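1. Below is the sequence, then the predicted model.
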Amino acid sequence: MRTGCSEEHSRYSALLGCALLVVALSTRAVGQVNSWINPSSGYWETQSSWSLGVLPNQSQSIYITNAGWKAVAIGANTAENFSQSMQIQDLQITSPVDSRNLLLMNFSGFQVPLQTTSLTVGSNSSVVVQSSSLETGSIGLAGSFNQGDFSRVKVHGAVQIFNSGQYASDTTPPGVYFLTNGTLSVDNGESMGAFGKPGQFVQYGGFHYVGGSVYGDPNVSIFVNMEGEFDIYDGQLTATNGILIGSGDYADLASFHQYGGAVNADMVINGNYILNGGTITGRMTMAHNPSIGGEERADAFVLHTAGTNFATSLDMGYPNKFGGRAFYTLSNGVVRVDSSVTFRGGRFSQYNGQNLIVSNLVLQGTYLGGGFGVANADYLLEGGTLSAGGLTALNATFQQDGGTNDIVGDLVLSAAPPPQYGDSPQYDRYTLAGGFLVAQNITVNASYYGGFRQAGGLSQIRGKLTVQGAVNGFFGFALESGMLIVKDIYIADGAFFQHASGYITQYGVLTLNAGEWRAAAGDYAVSSLQLQGDNTNSAITFPGGSSIFRLVNSSSQPWSSSALLYINNWHGSTSGGGATQLYFGSNSDGLTPQQLARIRFALSTGVYPATILPTGEVVPAGTATLDLTRNGDTSTLTWPPGWFLQSAADVTGPYQDVLEASSPYPVSFTKQHEFFRLRQ
């Protein structure tokens, strides 16, 4: 239990004070005080039990405050025959030490309500309303209030619930309002709890309507303050201007527990919310303290074990410089969000259940400044189903160990900016270790430590996988285990696809544009290859052991005339069938001569051009030989693939390319001198 007063507690708590002995929303007596003086229980209409010797009326302030254990009852006889006594000014019910005073509205009916300008219930004091009607200006509750048997309570002002202990270390029981059934309507807000002063509302059923604002905040109709708790098991709760759970440094001492029923309200959670049944409908915001200027920390927690969260929108985390974050745990039940979801510093942990987002899920960590680093936004998917219109991660991580992640649109790992000086580097990373991931397109911007790692499970990309931008990249796309099914793959800007292990099914086009494909050990096949880029180098890199990399016949694919494709760590056989093998199709037509001329083998002994064997395997070519054959008056030049024919009028040059020359090339010797040679 925290003790004393803090200079940093929220303005809501400050308004309640640190040494409030008795809660009284209105202490001004309009008329004379008429007090209950009978030390024993009795009926309200017993004239001799009142200090003025007359029954209560609308000009009097009524006190039930004397010593003893007793109940003052208002029944059907009171309402029928003494209805004028049920219109009074303020009503105060308190109890001295070793006493307990109770106002019992016992089946007085609904035609004649008890009307008062305000109602104050102190510690060790109670109100019980059974099949009756109460209308009051306001309620200050430090004792207990029990509403049942379909009673009706109308509050034109506010309801405040907390105990009357002097210090935070007091053991005085909290003020508690119990709504079993019936209707409770409050015009000007409810609050429960204060700084070190517990307060609780428990709803088992009925209809509970709260309008207006708490302490002038137009966005709050119900405020669960520090040491406050709201529990709903059944029934309906509607808060017109929203529910605020916790505020300031001590927000973690505020709790809202829902075990059933229907809650209709926008909710701002800075403390604790448990959803274990029923439904909640409205906007949900976590870790947000608009009234304290970002100077205090608010870590918000949601534990969702059953029931349905019909969130109009879900916004997790407005972290301030002290690093407040939001934590949502879904172990079962349903989250359904009508619009986008944004995490600005927090963690969503899903172990089961369904998280259905109509629009986009945005994981966007926030730089806190002041040496506090970055408040990362993280998602953990262990089981259940996540379905979203799209998924974007920036300064964020997504860890999937199971379950299903069904992205209707695109999954984008955005390139995060470099971390600030002195702060730890941040990662924009998706790790798939198990379960099923499906998306229309996946874009991995591998800049600044970003990337996608698949260590298990099944990923299916209906459209295109793009891996690009590996400036200081952690990795691009790494397939270490599991299965990848994808249509097109595009690798660019220094990024790479690391195929360490696992199965891959690709049925579109593989494009390298200053990108790199790192082949796996074993025998794997992909689709046809496009080579793009202006004066750029792409690469296919083989592992240290045995590896066979098969590409479909790519002769119909466009290749850049200025880009080069380097084959790294090749250690096969120039005659084919060695430890490392690279195939384009199944015969020598797998590449055109122009495409073959763009391939270089980077070996330890130098850089070599490429040739294609009758099997479709591409291997390094040695020195090229230009052969001349004659058949009657016809002369023909032939040379191996990967070389270009040049001619000159003098043996020393200059040599120029013979345009559109391909082997075999017929030669007509019409010039006095003509010399030929080959170039790569």
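-> Done, it's in. Residues are numbered from 1 along each chain as shown.
2. gap between the two ends of stretch 376-387?
-> 22 Å (C-alpha to C-alpha, to the nearest Å).
3. Now do S40: how many residues are near it, please.
-> 9 (other C-beta atoms under 10 Å). The C-beta positions use only the backbone N, C-alpha and C, and glycine is treated the same way.
4. any idea whether the residue nearest to A158 when sequence neighbours are not counted is helix, strand or coil?
-> Using C-beta to C-beta, 6 or more residues apart in numbering and skipping residues adjacent in sequence, the residue nearest A158 is N188, 4.5 Å away. Of the three states, N188 takes coil under DSSP: H, G, I helix; E, B strand; the rest coil.
5. What strands line up against the host helix or strand of R283, and which way round?
-> Using DSSP states H and E, R283 maps to strand 272-286. In the sheet containing strand 272-286, its partner strands are strand 255-258 (parallel), strand 262-264 (parallel), strand 267-269 (parallel), strand 300-316 (parallel), by DSSP bridges.
6. before we move on, the earlier item: how about the residue nearest to A158, what does it touch?
-> S138, V155, H156, G157, A158, G211, G212, S213 (C-beta atoms under 8 Å, 6 or more residues apart in numbering).
7. how deep is the residue found closest to the fourth one once you drop the neighbours it is linked to in the chain tucked in, by neighbour count?
-> To tie it back to what came earlier, the one meant is G157. Nearest non-adjacent residue to G157, counting by C-beta to C-beta, 6+ apart: S138, 3.3 Å away. S138 has 22 neighbours, counted by other C-beta under 10 Å.
8. State the distance from S138 to Y250.
-> As judged by C-beta to C-beta, to the nearest Å, S138 and Y250 stand 25 Å apart.
9. Quick one: name whatever helix or strand follows the helix or strand encompassing G457.
-> With elements taken from DSSP H and E, the one containing G457 is strand 451-468. Counting by DSSP H and E, the element after strand 451-468 in chain order, helix or strand, is strand 477-492.
10. mind listing what's buried in that next one?
-> Going by neighbour count (16 or more other C-beta atoms under 10 Å), the buried part of strand 477-492 is 477-480, 482, 484, 486-492.
11. Which two of these have the greatest separation?
-> Pairwise distances across these peak at 24.3 Å for G482 and A492 (criterion: C-beta to C-beta).
12. Could I get the full set of strands for the stretch 201-350 of the chain?
-> For the stretch 201-350 of the chain, the strands defined by DSSP state E, counting those that start in this stretch occupy 207-210, 222-224, 228-232, 236-239, 243-245, 255-258, 262-264, 267-269, 272-286, 300-316, 326-330, 334-337, 341-343, 346-350.
13. Run me through the strand neighbours of the fourth one, direction for each.
-> When you say that, I think you mean strand 236-239. By DSSP bridges, strand 236-239 pairs with strand 207-210 (parallel), strand 262-264 (parallel).
14. so which of those strands gets nearest R429?
-> strand 262-264 (35.9 Å).
15. Run the chain-centre distance for the closest one.
-> 22 Å (C-alpha atoms, centre = their mean, to the nearest Å).
16. Pull out the buried positions in it.
-> So for strand 262-264, counting by 16+ other C-beta under 10 Å, buried means A262, V263.
17. Quick one: mean pLDDT over it.
-> When pLDDT is averaged along strand 262-264, the result is 98.
18. ok, residues contacting that strand?
-> I232, G235, Q236, L237, T238, A239, I243, G278, T279, I280, T281, G282.
19. Skip the chain neighbours and tell me the closest residue to the last one.
-> So that's G282. With C-beta to C-beta, 6+ apart, the residue lying closest to G282 is D266, at 4.3 Å.
20. if I look at that neighbour, how far off is F230?
-> Taken as C-beta to C-beta, the span from D266 to F230 is 15 Å.
21. Looking at these two, which is more packed in?
-> F230 (27 against 21).
22. Might one say that that one is in contact with M192?
-> Yes - counting by C-beta atoms under 8 Å, F230 does reach M192; the two are 6.4 Å apart.
23. Quick check: what element follows the least confident helix or strand in the chain by mean pLDDT along the chain?
-> Ranking every helix and strand in the chain by mean pLDDT, DSSP states H and E puts helix 11-16 at the bottom, with a mean of 36. Moving toward the C-terminus from helix 11-16, the next helix or strand (DSSP H and E) is strand 33-35.
24. just the helices in the protein please.
-> 11-16, 76-81, 593-596 (DSSP state H).
25. which outside residues touch the last one?
-> Read it as helix 593-596. Helix 593-596 has contacts (C-beta under 8 Å, 6+ apart) with 531, 554-555, 559, 561, 609-612, 618, 641-642, 662-663.
26. Please export the C-alpha coordinates of it as PDB.
-> Only the C-alpha atoms of helix 593-596 are listed here, as PDB (Å, rounded to 0.1, in the frame of the first residue of the first chain):
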ATOM      1  CA  PRO A 593      23.700 -15.800 -75.700                       C
ATOM      2  CA  GLN A 594      23.100 -12.200 -74.600                       C
ATOM      3  CA  GLN A 595      21.900 -13.400 -71.200                       C
ATOM      4  CA  LEU A 596      24.800 -15.700 -70.900                       C
END
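27. buried ones in that helix?
-> Buried residues in helix 593-596 (16+ other C-beta under 10 Å): P593, Q595, L596.
28. Likewise for the second one?
-> Judged by neighbour count (16+ other C-beta under 10 Å), helix 76-81 contains these buried residues: T78, A79.
29. Please enumerate residues in contact with that helix?
-> Contacts for helix 76-81 (C-beta under 8 Å, 6+ apart): Y43, W44, E45, S85, M86, F107, S108, G109, Q111, V112.
30. Just the ones in strands from those, please.
-> Y43, F107, S108, G109, Q111, V112 (DSSP state E).
31. Specify the residue ranges that define each domain of the chain.
-> The record's domain parsing of the chain by automatic domain parsing lists 520-622, 627-679.
32. To D406, which of these lies closest?
-> domain 520-622 (24.9 Å).
33. follow-up on the earlier one: paired strands for the strand holding G457, with orientation please.
-> strand 429-432 (parallel), strand 436-439 (parallel), strand 441-445 (parallel), strand 477-492 (parallel).
34. so can I have a markdown table of those showing mean pLDDT and distance to A525?
-> As requested, the strands paired with strand 451-468 are exported to a markdown table (pLDDT from 0 to 100; distance: least, C-beta to C-beta, whole Å):
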| stretch | mean pLDDT | distance to A525 |
| --- | --- | --- |
| strand 429-432 | 93 | 22 |
| strand 436-439 | 98 | 22 |
| strand 441-445 | 93 | 21 |
| strand 477-492 | 97 | 13 |
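35. Out of the ones in strands among the contacts of helix 76-81, flag the one nearest to F549.
-> Using C-beta to C-beta, the ones in strands among the contacts of helix 76-81 come closest to F549 at F107, 85.8 Å.
36. residue contacts, the residue nearest the centre of the chain?
-> Among the residues of the chain, the one closest to the centroid is F343, at 4.6 Å (C-alpha atoms, centre = their mean). Neighbouring residues of F343 by C-beta under 8 Å, 6+ apart: M316, G317, A326, V362, L363, Q364, A377, D378, Y379, A396.
37. burial of the first one, as a residue count?
-> Residues lying near M316 (other C-beta under 10 Å) number 27.
38. which strand residues sit across from it in the sheet?
-> Applying DSSP bridges, one finds that M316 bridges with M286, F343.
39. ok, now the fourth one?
-> Residues in a beta bridge with V362, per DSSP bridges, are T342, T392.
40. Was I right to think it contacts S339?
-> No - the criterion here is C-beta under 8 Å, and V362 misses it with S339 at 11.2 Å.
41. neighbour-wise, which of those two wins?
-> More neighbours surround V362 than the other of V362 and S339, with 22 against 15 (other C-beta under 10 Å).
42. coming back round to it: could I get the contacts of strand 262-264 as a markdown table with pLDDT, distance to R429 and neighbour count?
-> Formatted as a markdown table, the contacts of strand 262-264 follow (pLDDT from 0 to 100; distance: C-beta to C-beta, whole Å; neighbours: other C-beta atoms under 10 Å):
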| residue | pLDDT | distance to R429 | neighbour count |
| --- | --- | --- | --- |
| I232 | 98 | 39 | 25 |
| G235 | 98 | 44 | 22 |
| Q236 | 98 | 43 | 18 |
| L237 | 98 | 40 | 25 |
| T238 | 98 | 42 | 18 |
| A239 | 98 | 39 | 25 |
| I243 | 96 | 35 | 27 |
| G278 | 98 | 36 | 21 |
| T279 | 98 | 35 | 19 |
| I280 | 98 | 32 | 24 |
| T281 | 97 | 34 | 19 |
| G282 | 96 | 33 | 18 |
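43. That'll do, ta.
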